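Student: Take this sequence and fold it.
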Amino acid sequence: MSAGSRFDRTADEYARAALTRDWSGFVAWCEPAVGDRVLDVAGGTGALAAALIPLVAEVTVIDVSEPMLSHVPAGATRLVARAEQLPFADAAFDLVTCVRGLHHIDRPARALDEMARVLAPGGRLVLEDFVADADRDRARRWEEIERLRDPGHQRLLAPGEARTTLLAAGLDVDAEESWLVTLEVARWLAIAHCEGDPARRVRELVGSPEFQIRVARARFRRPGERGSGR
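Tutor: Here you go, the predicted model:
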């Protein structure tokens, strides 16, 4: 995902949408502690940061879109940076999060390696994102739909792909779950400012006013005693 992407143009819509989400379930997965240093990768408008700020020591939000970051609330540090090249020292954070951002990142494996690198011993990495259909033909068809809606879309990761990368980076799997969500096509197109022929083609390919897509969430942990990396 590059700077100057559609997220620059749709930051206000994303900010409004993020505020409607109940973040309590995701925050519980983070297991926040008073002394935690938190990094939210591809954190956009900072809605998750707002939920974490009262619970931890410090929160940093990075994103490639400066207009998105302009919505990050007071109390969090915001920084324009790429997930594939995090400008932080090893073991700099006790909690790293990335919510529905991996499919926008050019090199997700590199980004995951970077998230693991900056995670302190005993720290948690919590991911949530849409995942590709296990059927390859359906997965390829969906990628066509995604790119019609957003030419900057990269790809949905396959189920278990992030886990494989993070295990190789030395993290342990703590918990995993997945579920189906139902989205309205009209709203999904509108938030991306997708109009005209691309929107018409998306509606044809989806073939329904709504569609379902799978979301996966996982918590990983860096072996070691919590707080020992400081």
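Student: beta partners for Phe93?
Tutor: Judged by DSSP bridges, the bridge partners of Phe93 are Leu119.
Student: per-residue pLDDT, it?
Tutor: We have a pLDDT of 98 for Phe93.
Student: before we move on, what about Met1?
Tutor: On pLDDT, Met1 comes in at 41.
Student: again with Ile191
Tutor: 88.
Student: what about it, neighbour count?
Tutor: Ile191 has 17 neighbours, counted by other C-beta atoms under 10 Å. Where you see a C-beta, it was placed from the backbone N, CA and C, and this is true even at glycine.
Student: Around the spatially closest residue to it that is not a sequence neighbour, count how many other residues there are.
Tutor: Nearest non-adjacent residue to Ile191, counting by C-beta to C-beta, 6 or more residues apart in numbering: Glu13, 5.0 Å away. Using other C-beta under 10 Å, Glu13 is surrounded by 16 other residues.
Student: which residues does Glu13 contact?
Tutor: Glu13 sits next to Ala190, Ile191, His193 when contact means C-beta atoms under 8 Å, 6 or more residues apart in numbering.
Student: Would you mind naming the helix or strand containing it?
Tutor: For Glu13, the host element (DSSP states H and E) is helix 11-19.
Student: contacts for the helix or strand just after that helix?
Tutor: Moving toward the C-terminus from helix 11-19, the next helix or strand (DSSP H and E) is helix 24-30. Contacts of helix 24-30 with the rest of the structure, by C-beta under 8 Å, 6+ apart, involve 38, 48, 51-52, 55, 95, 97, 99, 124, 126, 128, 175, 217, 219.
Student: Would you mind checking those for buried ones?
Tutor: Among these, the ones that count as buried by 16 or more other C-beta atoms under 10 Å are 38, 48, 51-52, 55, 95, 97, 99, 124, 126, 128, 217, 219.
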